[in-house]
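Enquirer: just the structure for this:
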Amino acid sequence: MVGGVEDEFAAAQELLGCMGSNVMYCGAVGTGQSAKICNNMLLAISMIGTAEAMNLGIRSGLDPKLLAKILNMSSGRCWSSDTYNPVPGVMDGVPSSNNYQGGFGTTLMAKDLGLAQDSATSTKSPILLGSLAHQIYRMMCAKGYSKKDFSSVFQYLREEETF
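Expert: Numbers count the residues shown, from 1 in each chain. Model (predicted):
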């Protein structure tokens, strides 16, 4: 996600391709960052939703792998459920199955949600769920989750029974 002068983007595109497989020109300077924070805000919201749904299902007696399978063949399917499931043991090779080590840190997610909040304020855009996600990730950082992957929101919800 790149913003800037289009001719300069075209000149740097080959080099940018070494940094990632999906290089997208977004427009003027700053639009690449805008696209990134919009994407990460949606990711945070969907991860929290996935964690809440999985937690509810497990507490209702459903097997987590069965629930994940059902969600992933139904309208609730999303990247957070089918590629990066936050429940330990549901998927191999994801941070939730490695004590939430590696991946995209909770501190980084809180930072990006803060940037989204700043952008929303300056553009007068309501981001009700984005603001709530920002509060949740900030609380997680304050409660010792700052070095864990952002999918540790599932663990946080499991431990916080006082909501």
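
Enquirer: so for the lengthiest helix in the chain, what's the average pLDDT?
Expert: For the chain, the helix with the greatest residue count under DSSP state H is helix 31-59. The pLDDT scores in helix 31-59 average 96.

Enquirer: on contacts alone, who are the packing partners of the following helix or strand past that helix?
Expert: Going down the chain from helix 31-59, the next helix or strand is helix 64-72, by DSSP states H and E. If you count contacts as 3 or more CB pairs under 8 Å, 6 or more residues apart in numbering; DSSP states H and E, helix 64-72 packs onto helix 31-59, helix 79-82. The way it works is simple: take the backbone N, C-alpha and C, and place the C-beta from them, glycine included.

Enquirer: of the ones you listed, which approaches residue 125 most closely?
Expert: Closest to residue 125 of the helices and strands packed on helix 64-72, according to CB to CB: helix 31-59, at 10.1 Å.

Enquirer: please state the offset of that closest one from the chain centre?
Expert: 4 Å (CA atoms, centre = their mean, to the nearest Å).

Enquirer: that helix - contacts with which helices or strands?
Expert: By 3+ CB pairs under 8 Å, 6+ apart, helix 31-59 packs against strand 2-3, strand 25-27, helix 64-72, helix 79-82, helix 106-123, helix 128-140, helix 153-159.

Enquirer: reformat these as JSON lines; add distance to residue 36.
Expert: Listed next are those as JSON lines, based on distance: least, CB to CB, whole Å:
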{"stretch": "strand 2-3", "distance to residue 36": "10"}
{"stretch": "strand 25-27", "distance to residue 36": "9"}
{"stretch": "helix 64-72", "distance to residue 36": "26"}
{"stretch": "helix 79-82", "distance to residue 36": "15"}
{"stretch": "helix 106-123", "distance to residue 36": "7"}
{"stretch": "helix 128-140", "distance to residue 36": "14"}
{"stretch": "helix 153-159", "distance to residue 36": "20"}
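
Enquirer: rebuild these as JSON lines, extending it with mean neighbour count.
Expert: Listed next are the helices and strands packed on helix 31-59 as JSON lines, based on neighbours: other CB atoms under 10 Å:
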{"stretch": "strand 2-3", "mean neighbour count": "20"}
{"stretch": "strand 25-27", "mean neighbour count": "15"}
{"stretch": "helix 64-72", "mean neighbour count": "16"}
{"stretch": "helix 79-82", "mean neighbour count": "20"}
{"stretch": "helix 106-123", "mean neighbour count": "18"}
{"stretch": "helix 128-140", "mean neighbour count": "19"}
{"stretch": "helix 153-159", "mean neighbour count": "20"}
